[in-house]
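A.B. asks: Turn this into a structure:
(2 chains)
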There are 2 protein chains.
Amino acid sequence: MDLNKLLSPRAMAVVGASEKEGFGGDTCRNILSYANLDHVYFVNPGRDEVFGQKCYKSLSELPEAIDMVVVSTPQRIVPMVLREAWEKGARGAVVYASGYSEVGTEEGRAAEKELKELCKELDMALMGPNCAGFVNYIENTHAFAFISEERDRTGGVGVVSQSGQLCLSLMDSPNMKFSYAISAGNASIVSMEEYLHFLVDDESTKVVGLYLEGVTQPDRFIEALKKAALKRKPVVVLKAGSSEKGSQVAASHTGSLSGADRMYDAIFKKFGVIRVNDMEELLATTQIFSTLPELPKQPTFASINLSGGETGMCADLGEAFEIPYPDFAPETVARLRELLPSYASPANPLDTTATISYDADVYADTLQAVMDDPKVGLVIIGYTLLMEIADPCIHYMTEGIEKVVAKGQTKPMVMMPFLENTRNPEYRERLEKLGVPVLPPPVYGFAALKYLKEYLEYDPGEHTLAIAVPEAADLDEAKTLSEFDSMQLCREYGITVPEGDVATSADHAVATAERVGYPVVLKVASADIPHKSDMGGVKLHLSDGDAVRNAYQEIMANAGAKAPNAKVDGVFVQHMLEPGLEAIIGVNNDPQFGPAVLCGLGGVFVEIFKDTALLPAPFGKTEAEAMVRELKALPLFEGYRGNAPLDIEALAATIARVAKLAADNKETIRELDINPVFIYEQGKGVCAADALVVKA
Amino acid sequence: MDLNKLLSPRAMAVVGASEKEGFGGDTCRNILSYANLDHVYFVNPGRDEVFGQKCYKSLSELPEAIDMVVVSTPQRIVPMVLREAWEKGARGAVVYASGYSEVGTEEGRAAEKELKELCKELDMALMGPNCAGFVNYIENTHAFAFISEERDRTGGVGVVSQSGQLCLSLMDSPNMKFSYAISAGNASIVSMEEYLHFLVDDESTKVVGLYLEGVTQPDRFIEALKKAALKRKPVVVLKAGSSEKGSQVAASHTGSLSGADRMYDAIFKKFGVIRVNDMEELLATTQIFSTLPELPKQPTFASINLSGGETGMCADLGEAFEIPYPDFAPETVARLRELLPSYASPANPLDTTATISYDADVYADTLQAVMDDPKVGLVIIGYTLLMEIADPCIHYMTEGIEKVVAKGQTKPMVMMPFLENTRNPEYRERLEKLGVPVLPPPVYGFAALKYLKEYLEYDPGEHTLAIAVPEAADLDEAKTLSEFDSMQLCREYGITVPEGDVATSADHAVATAERVGYPVVLKVASADIPHKSDMGGVKLHLSDGDAVRNAYQEIMANAGAKAPNAKVDGVFVQHMLEPGLEAIIGVNNDPQFGPAVLCGLGGVFVEIFKDTALLPAPFGKTEAEAMVRELKALPLFEGYRGNAPLDIEALAATIARVAKLAADNKETIRELDINPVFIYEQGKGVCAADALVVKA
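C.D. replies: This next block holds a predicted model:
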């Protein structure tokens, strides 16, 4: 499949061209408003003209071959039109019709399957079905089914959306400028992953925006994210389904299964993808990346405002959104004291007071002084740009910004308004040309800056840019390994486990105990008995042969009495560990994205505070250590209340080994639980006290 | 002081009237644009006319007495003008001039002090200094120094702001409609608290919005909040200083000390005040309260949208903002199945699909069906209202809403757009007249709905609407009580403490141990030794007379050796408690707002997860229990991991007793720490194992 034929056609046709309101008519209206009509053909068996343009009776009559066809016809004739278009050379198609898998009926699913098969046969890159089409703003190709206000929208944001309505909303925002805007609909032939690849490759696209309900080819998705990470092209995703109800809506909307939402978060983190919460955040964040002439050299910020109230708000919200405002250097403070009125305090965030905003030179000098501060990466200019300019200060401020930009020693800038308002188009455009995006109000604006900060802090070199996508994992059948076998598997991967063995007689148990060293613990060895303690199947603190002998007999007697149907392999004799801080390490195998490793401290930390870190395998020790360091419980590892610091390094090494175990066994492992793993003092390592593996 | 003379004057004058740009000229322009000129006089010794209106040389020439004067003159002649105005009957004044305490100089502070004394002498209600004035929209009184776009702004939101710029930004938003908009400036004569009282009393004000940097009369502030809570008039506050840097900015802006921010949060919670994060949230929240014809009867929500993407987003963001979407009742589902296309799923949030939005009757019936659901309190209509109406569906939707409103069986509705956009004024007005506010995009919109939900859940009857403001607490001198005295104070307030006494000899210690019962613990009794364990001053688990005797001697020897200069009262002999779950109860006395009680579980819960609840004293047992129930650690009290449930009731009773102790001692107590208090099984109570009181 060649997406270039679809998205960048040399010649195209609209079948179902019309003058009516509706998809066909609006597509024609869009073409007539924006596009160059050379090599664009209207087709409708019932018309000679559409809006004064020649209309052909059928595709076969067209004077030249086409690359792409827009099919605006009822669902039932779509296959016929596609075959005709193929005859005419088309290898790309946009299909608006709905009635496919999204309706949730047997019939709908069958129609979509048939369409997929046809496209495979014809090698046809089909957008949709159930979509609103696309616009290629760079080459002025319009294949879009909704009308919006006329204006120039050409810019650097490439958008793909699984919702036509959301795509249209973005196109209607006065702040968005696109390379491509694609409403992908069901995305069942050309998938979301393929559009993502296209936009990551496309040189006119500075930043990719995605509204995603689900992924169908996890491996292609990951390849695209890896490519984007290595190219340093930002990908901003609004993903549906962070809530249970949201997942259900996504499933019934485009038939997408959104999968485990937390897994997406973990993948996005690994690949430096920015996840946003709504369209406005998507807009603000992509706008920053597409408008700034260059990204800040460091993720640090200065805030400058005309009033104390605004400055205070920037201070408070900055902290809430973890925006670092470094203190100004002494030279900066001295320079600002010269420039500002005596009653202004030259701190960051800075209240310049309104006076300086009526003098372009002083404003420019102030801005330059702040920019010259070695600790500042980006300057946030607080100002509520209104539709009607009642106060002339914006004129002087803009002139000041122009002066600074003209001198060339600038750092990136954004404008932060304090209220929703229509923005004066003249000044918005002028600021945008200077490379200064005008953000939405603070809660959105600071969220977008936080995403920028996190993006700047992300280094693809610090991450294993792969995940262990299972090829054909069938994890439905579950088989729980015995504790002994689970421990053995851990041991094979270099994970420290206590010495131990399964004994099948009291003598054997004593011999084993002597070999592994006292004290020992005895546990009934049976995969059929899940809660061993409850039925008297565990004996702790055994420190001599007699104790071991008695314990063996009691355990076997209890097992016989309380679990008569369980298959009992004997008794697991283990050296009893000295207690340490208890952590857990777990693995869950996502049906789409493969195994991910979870770590955290045990007990209330996991159960009440949900204080865990999750990372898809494979990954190395450095990434594992970063997981531990992101736990809220970190202070407990670092010498809490005068205790010695614990062996974070050994824990990280163990987590990384679990990741390797999980990745190597991606087709068969279903779950792994090491609970607890004891963490000892620095240099003394860790030891897995209990392990349980469930295989498919 | 009579705020009516200031805010609702029968006649007024502007001294410093002019045609220039600037405060005086813009005040005149505002008056000429909006106000009735009867009883408004312009005064300027240098002019005969201002914009064609007669201008008087001095206040003494005016043909009638005035209630209020706007002083737009240089700072130095302000006192003279005030005296002249007083002669002419004025008891209210607006002073724009700056150069007072906000500049942070000795001179500035002196000028403000002088102004305050003058106003006291003249009984003059003065707004400012360093302010931008006010507008009384109800009576069309304009005393405001900034120009904004002309439009009708009369409505139900009363705003007071300590920042003129923020006040102006609100006035410039096309969505705000006011009863009063007041820029209070330094608020050193008429305080923020007095404006708040005025607006809470004012019948034309449906909701109060406050931008607050600090409070000067805590008792008046609390009275106003209490009055608002009992009247059920919502108060929405944007308070500066949630961050360290924000507090510093507020201090240098209007000279306000913002105080301990967390104390404000606790007070706001007690009085049902809504705290917002920025101006846009203030706008959206006040707009909901001022526009809805009545508040929802229950804090539950239904979301209806035209597309799956939007519906999914409402589901996800609804969960993130804790918006409850009850499942529809079977009758509602059945009714929706009749109304909606077969492929729509009648769930909440609801994707109606776009089709129904082109038929006003079906849209009305769908809306009515959702409203009739017994579990729904408010309906969120998702739709991105644009400036240019490209899609006619909003017409049918609005007609549908009109039909529903006309039938009269409605529930409250809001419109939720998905992107920032200019809103079509015709439809916005039409919807507003129908009682449907158009909110900002989702992250703001859902935040505002969350505030609404919390407001609906608040019941003033469940709260002790008072705080223990100290009258003249001088808490600088600190005196730490001994553990014995601290325990005694607790005991006086009915707090369970272990039996014990201070022994001054080994025999005495043994006798005391026998009286209180073994096992006992011995601790050195000295207010001069803070870390008793570290110097061998604590002996635990003593179970007979010999052990007590030895321990006594060791402790006294250690004290003599390691703390030779400490005053030692003897050894504290205490019955040793059985361990229980460890909680802490603390008191801190805020210099402005008095003592507040903090509770939480000890150790990592407080230190790492900051899982504590704070409530200003006084309060009763029910409120104390609510504090415990708001802890994240609550599951540990409720029978965690098969343990017996703990005695929450006894803990609550103890917390309430601490609150009484704190309130009774508000003038003298500085700190109290009960750490730990042991919590036992239900019915077995709690016991304070250690207590420390610091008094002034």
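A.B. asks: ok, which stretches of the stretch 151-300 of chain A are strands?
C.D. replies: Per DSSP state E, counting those that start in this stretch, the stretch 151-300 of chain A carries strands over the ranges A:154-161, A:178-183, A:207-212, A:235-239, A:274-276.
A.B. asks: counting contacts, what elements does the fourth one pack onto?
C.D. replies: Helices and strands touching strand A:235-239, as assessed by 3 or more C-beta pairs under 8 Å, 6 or more residues apart in numbering or on different chains; DSSP states H and E, comprise strand A:207-212, helix A:261-271, strand A:274-276, helix A:279-291. In short, each C-beta sits where N, CA and C put it, glycine included.
A.B. asks: Break chain A into its domains for me.
C.D. replies: A:1-142, A:148-291, A:293-461, A:499-575, A:581-695 (automatic domain parsing).
A.B. asks: Is it possible to get a markdown table of the strands of the stretch 151-300 of chain A that adds mean pLDDT?
C.D. replies: Putting the strands of the stretch 151-300 of chain A into a markdown table (pLDDT from 0 to 100) gives the following:
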| stretch | mean pLDDT |
| --- | --- |
| strand A:154-161 | 97 |
| strand A:178-183 | 97 |
| strand A:207-212 | 97 |
| strand A:235-239 | 97 |
| strand A:274-276 | 98 |
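A.B. asks: can those go into JSON lines with extra columns for mean neighbour count and distance to residue A:22?
C.D. replies: Putting the strands of the stretch 151-300 of chain A into JSON lines (neighbours: other C-beta atoms under 10 Å in any protein chain shown; distance: least, C-beta to C-beta, whole Å) gives the following:
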{"stretch": "strand A:154-161", "mean neighbour count": "24", "distance to residue A:22": "21"}
{"stretch": "strand A:178-183", "mean neighbour count": "27", "distance to residue A:22": "16"}
{"stretch": "strand A:207-212", "mean neighbour count": "27", "distance to residue A:22": "24"}
{"stretch": "strand A:235-239", "mean neighbour count": "25", "distance to residue A:22": "28"}
{"stretch": "strand A:274-276", "mean neighbour count": "23", "distance to residue A:22": "32"}
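A.B. asks: between those, which one is nearest to residue A:132?
C.D. replies: Among those, strand A:178-183 comes nearest to residue A:132, with 3.7 Å by C-beta to C-beta.
A.B. asks: if we can go back for a sec, can you lay out the helices and strands packed on strand A:235-239 as a markdown table showing distance to residue B:492?
C.D. replies: As requested, the helices and strands packed on strand A:235-239 are exported to a markdown table (distance: least, C-beta to C-beta, whole Å):
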| stretch | distance to residue B:492 |
| --- | --- |
| strand A:207-212 | 64 |
| helix A:261-271 | 52 |
| strand A:274-276 | 56 |
| helix A:279-291 | 56 |
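A.B. asks: Residue A:99 is nearest to which of the ones you listed?
C.D. replies: With C-beta to C-beta as the measure, strand A:207-212 is the member of the helices and strands packed on strand A:235-239 nearest residue A:99 (22.1 Å).
A.B. asks: and the angle from that closest one to strand A:154-161?
C.D. replies: On the basis of axes from the mean of the first three to the mean of the last three C-alpha atoms, to 10 degrees, strand A:207-212 is oriented at 20 degrees to strand A:154-161.
A.B. asks: Touching strand A:207-212 from outside, list them.
C.D. replies: Contact with strand A:207-212 is made by A:156-163, A:166-167, A:170, A:192, A:196, A:199-200, A:228, A:233-240, A:279, A:282, A:286, A:289-290, B:309, as judged by C-beta atoms under 8 Å, 6 or more residues apart in numbering or on different chains.
A.B. asks: That strand pairs with which strands, parallel or anti?
C.D. replies: When pairing is defined by DSSP bridges, strand A:207-212 lines up against strand A:154-161 (parallel), strand A:235-239 (parallel).
A.B. asks: do you know which of these lies nearest residue B:504?
C.D. replies: Comparing the strands paired with strand A:207-212 by their distance to residue B:504 (C-beta to C-beta), the top pick is strand A:235-239, with 71.1 Å.
A.B. asks: related to what we said a few turns ago, pick the most buried one from the domains of chain A.
C.D. replies: Of all these, domain A:148-291 carries the top mean neighbour count, a mean of 22, counting by mean count of other C-beta atoms under 10 Å in any protein chain shown.
A.B. asks: My guess is residue A:497 contacts residue A:487. True?
C.D. replies: Yes: using C-beta atoms under 8 Å, residue A:497 makes contact with residue A:487 at a distance of 4.7 Å.
A.B. asks: Please identify every residue contacting each of these two.
C.D. replies: The contact lists of residue A:497 and residue A:487 share A:688, A:691, where a contact means C-beta under 8 Å, 6+ apart.
A.B. asks: Can you tell me how far the residue of the stretch 51-200 of chain A found nearest chain B is from residue A:430?
C.D. replies: Nearest residue of the stretch 51-200 of chain A to chain B, counting by C-beta to the nearest C-beta: residue A:163, 2.5 Å away. Distance of residue A:163 to residue A:430, computed by C-beta to C-beta, to the nearest Å: 33 Å.
A.B. asks: most remote residue from chain A's center?
C.D. replies: The centre of chain A is farthest from one residue, residue A:546, which by C-alpha atoms, centre = their mean lies 58.4 Å away.
A.B. asks: Could you check the pLDDT of that one?
C.D. replies: Here the pLDDT value assigned to residue A:546 is 95.
A.B. asks: Which helix or which strand is home to it?
C.D. replies: For residue A:546, the element it lies in under DSSP states H and E is helix A:545-562.
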